[in-house]
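In: predicted model and sequence below, questions to follow.
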Amino acid sequence: MADNEGNIAAKDYGIGVPQKQEGFFLKGNENASYGIKSRLSQVFNQKSGHTVMLAFDHGFIMGPTSGLERIDLTINPLIQYSDCIMCTRGILRSVVPPTCNKPISYRFDSGTTILTSLNDETLHDVEEAIRLNVSLMAVMVAIGDPDHEGSTIRNLTKTVDYGMRYGIPTLGVTAVGKNLTRDARYLGLATRVCAENGANVIKTYYCDEGFEKVTNGCPVPIVIAGGKKLPEKDALALARNAIDQGAAGVDMGRNIFQSDSPVGMLLAVREIVHNGATVDQAFDCYETYKNTGTCNCCCCGK
Ligand code: R5P
């Protein structure tokens, strides 16, 4: 306890030694506030500079998606192997244990479903994000959608303003839509628009041609969604290619929770994202875990 008596005189001032200043490890966020940097440091591994986010927010537009019928049974056991979870507030409150101790990428908008038009979104209260102690506010941006482009960019702008006020980073999510082409020209434009409007991190899709242009043209980190379920080796190749071409991680759902070994797949993806594994090495990790319930990868720890 602080006291007035018996104090040792302060003398170790390090005179002549400049105070250490560290740069920030994530591109484009050097000038962000303390709260934003602190939360981004929870989401991204400071050693690799990358993240493996586990996405299970699909129900907010798709209902009980295959693999997400019982999140308590299928997803909760996976959470420990992820760096961050991406989900809705309904699932957080009803199913995800607050003791899981993982940073949360909170689906901060709600709107129309696959039954109607998609992308007609509204924002939640920022107080809700604070109450839930989230590390990212994720908001959909439907660039090129004639009906919803303006309103979703306004949603992004408002989210960034909230984030600046309270120190919570914004994840701009480039939208899905029937008429939106996932090529480098479109993805490059969409990610850049999100970044120009202040998003701290962008989630988008990988494309086979010219993805490097997408990552290089975006001044903040990009994480990729996995998309629909692929054979495991193809999904691992997707992750490898994305990282090699400048992605800062994955925000992956179906290719993990719809796999025949979700833990094996998550560990294999981690090997690629954090440890530089080749596709073959990662696939071996997946298969070994699937067949034996353990493996020798760096992430498994068993
Ligand atoms: C889509 O609306 C959701 O935001 C998902 O989080 C996202 O698409 C990633 O999941 P998946 O890897 O299954 O595409």
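Out: Perfect, I can see it now.
In: quick one: contacts of stretch 228-239?
Out: 206, 224, 226, 250, 252, 254-255, 258-259, 265, 268-269, 272-273, 279, 282-283, 286 (Cβ atoms under 8 Å, 6 or more residues apart in numbering). In this view, the C-beta of every residue, glycine as well, is placed from N, C-alpha and C.
In: those residues: which ones sit near the ligand?
Out: 226, 252, 254-255 (Cβ under 6 Å from any ligand atom).
In: okay if I get those residues as a markdown table plus secondary structure, neighbour count and pLDDT?
Out: Shown next, in a markdown table, are those (DSSP: H, G, I helix; E, B strand; the rest coil; neighbours: other Cβ atoms under 10 Å; pLDDT from 0 to 100):
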| residue | secondary structure | neighbour count | pLDDT |
| --- | --- | --- | --- |
| 226 | coil | 23 | 95 |
| 252 | strand | 26 | 98 |
| 254 | helix | 21 | 98 |
| 255 | helix | 26 | 98 |
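In: quickly list what whatever residue of the stretch 1-150 of the chain ends up closest to the ligand is bridged to.
Out: For the stretch 1-150 of the chain and the ligand, the shortest gap (Cβ to the nearest ligand atom) falls at residue 55, measuring 3.2 Å. Here residue 55 shows beta-bridge partners residue 86, assigned using DSSP bridges.
In: burial count for it?
Out: 26 (other Cβ atoms under 10 Å).
In: does it touch residue 88 like I think?
Out: No - using Cβ atoms under 8 Å, residue 55 and residue 88 do not qualify as a contacting pair, with a distance of 10.9 Å.
In: circling back: farthest pair within the ones next to the ligand among the contacts of stretch 228-239?
Out: Greatest spacing in these, by Cβ to Cβ: 252 and 254 (7.8 Å).
In: who touches both of these two?
Out: With Cβ under 8 Å, 6+ apart as the test, residue 252 and residue 254 both reach residue 226.
In: what parts of this structure come near the ligand?
Out: Close to the ligand, as judged by Cβ under 6 Å from any ligand atom, the chain has residues 55, 57-58, 61, 86, 173, 225-227, 251-255.
In: hmm, which of the residues you listed is lowest in pLDDT?
Out: The member of the residues of the chain next to the ligand with the lowest pLDDT is residue 61, and it reads 90.
In: which SSE is that residue in?
Out: If you go by DSSP states H and E, residue 61 is part of helix 59-62.
In: give me the mean pLDDT for the helix or strand following that helix.
Out: Toward the C-terminus, helix 59-62 is succeeded by helix 71-74 as the next helix or strand (DSSP H and E). For helix 71-74, mean pLDDT is 97.
In: mind listing what's buried in helix 71-74?
Out: For helix 71-74, burial by neighbour count (16 or more other Cβ atoms under 10 Å) applies to residue 71.
In: just stretch 149-158 next, same as before
Out: Neighbour-count burial for stretch 149-158 [16+ other Cβ under 10 Å]: 149, 151-153, 155-158.
In: likewise stretch 118-135?
Out: Buried, per 16+ other Cβ under 10 Å, within stretch 118-135: 118-121, 123-124, 126, 129, 134-135.
In: just the terminal-to-terminal distance for that stretch.
Out: Using Cα to Cα, to the nearest Å, the end-to-end distance of stretch 118-135 comes out at 25 Å.
In: what's the burial count for the closest residue to residue 287 other than its chain neighbours?
Out: Nearest non-adjacent residue to residue 287, counting by Cβ to Cβ, 6 or more residues apart in numbering: residue 264, 7.2 Å away. Look at residue 264: counted by other Cβ under 10 Å, it has 28 neighbours.
In: do the same with residue 9
Out: Residue 9 has 4 nearby residues by other Cβ under 10 Å.
In: which pLDDT does the model give it?
Out: Residue 9 carries a pLDDT value of 90.
In: just use 116 as the starting number from now, easier for me
Out: Yep, numbering from 116; the last one is residue 124 now.
In: tell me the secondary structure for it?
Out: Of the three states, residue 124 takes coil under DSSP: H, G, I helix; E, B strand; the rest coil.
In: residue 289 touches residue 303, doesn't it?
Out: No - with contact defined as Cβ under 8 Å, residue 289 does not reach residue 303; the gap is 10.4 Å.
In: thinking again about what came up before, doesn't residue 407 make contact with the residue nearest to residue 402?
Out: No - counting by Cβ under 8 Å, residue 379 sits too far from residue 407 to count as a contact (9.6 Å).
In: quick revisit: where's the residue nearest to residue 402, which helix or strand?
Out: Counting by DSSP H and E, residue 379 is part of helix 377-390.
In: I am finished for the moment; much appreciated.
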